[in-house]
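Chemist: Build me a model:
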Amino acid sequence: MSERTVVFRAGPQSEASESVAERLRAGGVEIVEQQPNMLLVAGARQAISKALGDAGGWKLTAETTTPPPKTREKILKPPVR
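Modeler: Predicted structure coming up:
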């Protein structure tokens, strides 16, 4: 499986997300999910950087995941008999 990277808008004067997405697709990068200010892409970080080029106001970071909290109740001490 290839690495997943988040490409996000870092400033208010950034290029439009559609043009950045087009640039990434043209560079052979797979876009997994697209939102107005952020793109989740799959591929090598170096290839993504190269495809992104000099897109103003966009930055890269590695995808991070957080597991859901454990909601099952635990018994703190056994019942007294």
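Chemist: going forward, measure contacts between C-alpha atoms and count neighbours the same way
Modeler: Noted.
Chemist: contacts for stretch 4-17?
Modeler: Stretch 4-17 is contacted by residues 36-45, 55-63 when judged by CA atoms under 8 Å, 6 or more residues apart in numbering.
Chemist: Beyond the host helix or strand of Ala47, next helix or strand please.
Modeler: Using DSSP states H and E, Ala47 maps to helix 45-52. Moving toward the C-terminus from helix 45-52, the next helix or strand (DSSP H and E) is strand 58-62.
Chemist: Helices of this structure, residue ranges please.
Modeler: Assigned by DSSP state H, the helices in the chain fall at 17-26, 45-52.
Chemist: coming back round to it: quick one, which of the contacts of stretch 4-17 are buried?
Modeler: For those, a burial check counting by 16 or more other CA atoms under 10 Å picks out Met38, Leu39, Leu40, Val41, Ala42, Gly43, Arg45, Ala55, Trp58, Leu60.
Chemist: For the last one, which residues are in contact?
Modeler: Neighbour list for Leu60: Thr5, Val6, Val7, Phe8, Ser49 [criterion: CA under 8 Å, 6+ apart].
Chemist: between those residues, which has the most around it?
Modeler: Val7 (24 neighbours; other CA atoms under 10 Å).
Chemist: Leaving out the residues flanking it, which one is nearest to that residue?
Modeler: Distances taken as CA to CA, 6 or more residues apart in numbering place Leu60 nearest to Val7, at 4.6 Å, with adjacent residues excluded.
Chemist: Quick check: the gap between the one you found and Pro78.
Modeler: Going from Leu60 to Pro78 by CA to CA, to the nearest Å gives 50 Å.
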